[in-house]
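Chemist: Give me a model of this one.
(chains A and B)
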Amino acid sequence: MRAAILLPVFADRDAVGFDAVAMARALRARGIETRLFCGSAIGTSEKTWSPDKLVGFAGGPDDIVIYHFSMGWPPAFDILRRCRGFRVVRYHNITPPEFFEGVSPEYVGACRSGRDEIPGIARLGCELYLGDSRFNLDELVDAGAPAERGAVLAPLHRVADLIDLEADMRLVDELNDGSHNVLMVGRIAPNKGYAELVDAFAAHAHAYGRRSRLVLVGKIDPRLEHYTNAIRQRIAEYGLNDRVRWINGASEGELKAAYVASHAFMLLSRHEGFCVPLVEAMAIGTPIVALETSAIPETLGGCGISWPTPDASLFAASLARLGADADLRNDLRHAGMRRYREHYAMDVLHRGFFELVLRAAA
Amino acid sequence: MNPPNHDQSLDRVKDEIRAEADAIRHRLPQRRPAATLPPLSSVDGGAAPRGGDVTDRARREYTIPELCAAQYGHFVETAIRALLKRPGDEAGRNAHVARLIAGASKIEILGDIAYSREGRAAGVNVVGLRPRYVMTKLWKVPVLGYMAEWLFRLVRLPVLARQMRASETYQIAQTHLLTAAHEELRLRFEALAARFDSVAVAQSDLRSEFAERSRDATRDSDEMRELVKRGSSESGELRHLVLGVNHWLASLRKNLADVESEQAEAAREADGFVAEVVTRALAGDNGRELRLLAWSSVVAGEVPEGGQVLDLGAGKDWLAVLSSRGLRVGGVSESPAFEALARADGHQVATSDPAVVLARTGDATLHALTALSVGPVLRRMPVAALLATARRVLRPGGLVLLGFANEAAHLADRLAGHADVTIDAALLAEALAAAGFTDVRRADAPDGVVALCATRP
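Modeler: Numbers count the residues shown, from 1 in each chain, chains lettered A, B, ... in the order given. Next up is the predicted model:
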């Protein structure tokens, strides 16, 4: 038996890339010869092979092919059709293009082409459709994938590394100045709900007047400059420039420091296929306030305060309550940590992966 | 934390948060489109200018009413932003505000800005401004200007009087509103004062309760400290006892080892003594040599050359006689001293119970099994077990030879005070037959010592 991991673009620092690498390592640890095949690789030390070599390597009836579907990539159809073994579609979701209308035509095109491929992939007759979340899987089933071949497995992640590594103490000291820190982690993009996040934070700062700070940890994408500038302008219009700390392209140590020094993790994202930062917050013990959209309620699992609408007053009052109620903070912290251990720890995910993929393939 | 309790608790917390959110909803902040404006509160406390289009940098034409809508400092800032397309600097803004305070009209301020060198360069048009601005300038001409303004105001006197009356009415209405607001504020203040008093009382109660709880906590803390101290003392004592027991156990272990060592030495000495006595006794048995030769002839007659023979307890002389007939011989003895003597002569002898050695011997591996003193063997294993085992370890056609001689094992048993096993040859012959051996026969020695031999079918 051989295994091939296929993905259009491989960058081992992003969530999809790490999921792919972790699967490859897990398979190799079971003695299965495994290779990574990708259209292009960005800044990775992992050895990769060209996709046109995949069928020759793992196209046989006893082999496994896992395709990580997170963007439009027509070559995948031909490759999956030619493989005769156990084919797995690992669906990480694709953001609907409507979020980028009027912001970036490039993103609109990329998202649209990706979403246009969903029905084709769903009806390809692969042996297993593996969603990061029930939300993702439902999209595939709605598009025509057979429900009986569907399963859910949270993405393999490196949260355990984040727990073990040392936080950037310089940033911890900077944030621990008596302010009430509210954290958001995620790239600066329209689907992440930064406008509503700023509104909620402004409501909190205005209504409660206490020293508070919004910590934004997220990569600023030059292609979304228009959106980033709109968020900056919004912050300025609320007169909150000196209360917002931007951390663009944070190191792992800075990310850890941000979680450790923050009193709440606030998420008003409009579209998430899973949301790994929620798991990071749970694992480190940062209480969560979140908007109930897409896969967020499923990932959160009741271990935080969540609201169905982005009502700034509700989120502001939630932050105030978290700041004033130590018992609530501890309850949410413990609930999050327990959920991490029981559902998202790597040994749990590895067991799930082998159960779903290897047993089914056998 | 129990998950159902967590869920119920969270639902309750969310209900409270909803109520709190409703309470703060009217206090939500408004975004200021001109947020990059300098803080106008330093100039006046007025409201922000309305709408974002007045300061739109692309706009090139305005009307007088929309520019004059704002008041005081905001009027000046709005005018500068609209007509010069830049934020006002503090000095310029303050100068224009000072002129407003001195009684200058808004038209004059607008005209001064719009028709300044910078204003002309900006090229912004204000519909209808020029004639009205020229008129205000005319009024600045000495004497004539004064007369012209006087005449103009005189003509407009009825209009001014109407505006004065309207203004007076408006002021009265505003005064009433202010009075009502003031009354409401006073009532609120009184209510707040009452609440403050009740809060002060509650605070005082809380302080008393806190002091009482603090005293209780101090008392509990003292008790706890005493308990910890006592526990620590008991823990030290227990540790001391454990160490004492450990020491005692170590001493006991050492003493037992000494006793065992002495016992082993005594047993070794006794074994050596028995071996010496037995050797002397066997040396004094004049018929033994012929006996052993006769029995070895019986064995050699039945076993092929190089055949494997196992003897149970006869000693080194019997092993030597069998070896001299070309047989491969092994022996069993319970005495380490006998084993040492046999090994010194080059024979393979195991120090063990015969039953143990037989149990470890493979099926059908022996050509002959001998026990010249069968009594000691039967003392360790019943005859049925001995014969069944003999059948198992002997090859088909193998020989079993059982004697009633006073050989080494027999003598050692007697020296150890064990009684002889009372079994006679006839009974043993019946047992052999019953165990399935064939050709059961007597093989008595020339001196009459009885022996039986039989063949495994």
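Chemist: I'd like the next helix or strand past whichever strand or helix holds A:Asp173.
Modeler: Using DSSP states H and E, the element containing A:Asp173 is helix A:169-175. Once the chain leaves helix A:169-175, the next helix or strand it forms, by DSSP H and E, is strand A:180-185.
Chemist: Could you pull out the buried residues of the longest strand that chain B contains?
Modeler: Criterion DSSP state E: the longest strand present in chain B is strand B:394-403. Residues B:394-395, B:398-403 are the ones in strand B:394-403 that count as buried (16 or more other Cβ atoms under 10 Å in any protein chain shown). Bear in mind the C-beta positions are built from the backbone N, C-alpha and C, glycine included.
Chemist: Among these, list the two that are farthest apart in space.
Modeler: B:Arg395 and B:Gly403 (21.3 Å; Cβ to Cβ).
Chemist: Could you see whether chain A lies near the helix or strand of chain B with the lowest mean pLDDT?
Modeler: Here the helix or strand of chain B ranked lowest by mean pLDDT, DSSP states H and E is helix B:3-24, holding a mean of 80. Yes - using Cβ under 8 Å from any Cβ of the partner chain, helix B:3-24 reaches chain A at B:3, B:6-7, B:9-10, B:13-14, B:16-18, B:20-22, B:24.
Chemist: Make CSV from these and add distance to B:Asn286 and neighbour count to it.
Modeler: Shown next, in CSV, are these (distance: Cβ to Cβ, whole Å; neighbours: other Cβ atoms under 10 Å in any protein chain shown):
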residue, distance to B:Asn286, neighbour count
B:Pro3, 98, 13
B:His6, 101, 17
B:Asp7, 104, 12
B:Ser9, 106, 15
B:Leu10, 107, 19
B:Val13, 111, 19
B:Lys14, 113, 17
B:Glu16, 116, 13
B:Ile17, 116, 24
B:Arg18, 120, 16
B:Glu20, 121, 18
B:Ala21, 122, 23
B:Asp22, 126, 12
B:Ile24, 126, 19
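Chemist: about what we covered before: and after the least confident helix or strand of chain B, which helix or strand comes next?
Modeler: strand B:61-63.
Chemist: Next, the buried residues of that following strand.
Modeler: B:Tyr62.
Chemist: Counting by contacts, list what that strand packs against.
Modeler: Packing partners of strand B:61-63 (3 or more Cβ pairs under 8 Å, 6 or more residues apart in numbering or on different chains; DSSP states H and E): strand B:125-127.
Chemist: Check which helices and strands the strand it packs on sits against.
Modeler: Using 3+ Cβ pairs under 8 Å, 6+ apart, strand B:125-127 sits against strand B:61-63, helix B:64-68.
Chemist: Pairing partners for that strand, with directions?
Modeler: strand B:61-63 (parallel) (DSSP bridges).
Chemist: Just the buried residues of stretch A:224-231, please?
Modeler: Neighbour count says stretch A:224-231 has A:224, A:227-228, A:230-231 buried, by 16+ other Cβ under 10 Å.
Chemist: Dump these to CSV, plus distance to chain B.
Modeler: Output for the buried residues of stretch A:224-231, formatted as CSV (distance: Cβ to the nearest Cβ, whole Å):
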residue, distance to chain B
A:Leu224, 21
A:Tyr227, 17
A:Thr228, 17
A:Ala230, 12
A:Ile231, 12
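Chemist: which residues touch the nearest residue to B:Ala364 once chain neighbours are set aside?
Modeler: In space, not counting the residues next to it along the chain, B:Ala364 is nearest to B:Arg395; the distance is 4.7 Å by Cβ to Cβ, 6 or more residues apart in numbering or on different chains. Listed by Cβ atoms under 8 Å, 6 or more residues apart in numbering or on different chains, the contact set of B:Arg395 reads B:364-367, B:456.
Chemist: can you do 7 Å?
Modeler: By Cβ atoms under 7 Å, 6 or more residues apart in numbering or on different chains, the residues touching B:Arg395 are B:364, B:366-367.
Chemist: Phi first, then psi, for the closest residue in space to A:Glu106 that isn't next to it in sequence.
Modeler: Closest residue to A:Glu106 apart from its sequence neighbours, by Cβ to Cβ, 6+ apart: A:Arg223 at 5.8 Å. Note on A:Arg223: backbone dihedrals following degrees, to the nearest 10 are phi -70, psi -20.
Chemist: surely A:Arg223 meets A:Val103?
Modeler: No - between A:Arg223 and A:Val103 there is no contact under Cβ atoms under 7 Å: 9.1 Å.
Chemist: the more surrounded of these two?
Modeler: More crowded of A:Arg223 and A:Val103, by other Cβ atoms under 10 Å in any protein chain shown: A:Val103, with 18 against 15.
Chemist: Now distance to A:Ala143 too, for the residues of helix B:3-24 next to chain A, in a markdown table please.
Modeler: Shown next, in a markdown table, are the residues of helix B:3-24 next to chain A (distance: Cβ to Cβ, whole Å):
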| residue | distance to A:Ala143 |
| --- | --- |
| B:Pro3 | 34 |
| B:His6 | 36 |
| B:Asp7 | 34 |
| B:Ser9 | 40 |
| B:Leu10 | 35 |
| B:Val13 | 39 |
| B:Lys14 | 35 |
| B:Glu16 | 42 |
| B:Ile17 | 38 |
| B:Arg18 | 37 |
| B:Glu20 | 42 |
| B:Ala21 | 38 |
| B:Asp22 | 41 |
| B:Ile24 | 43 |
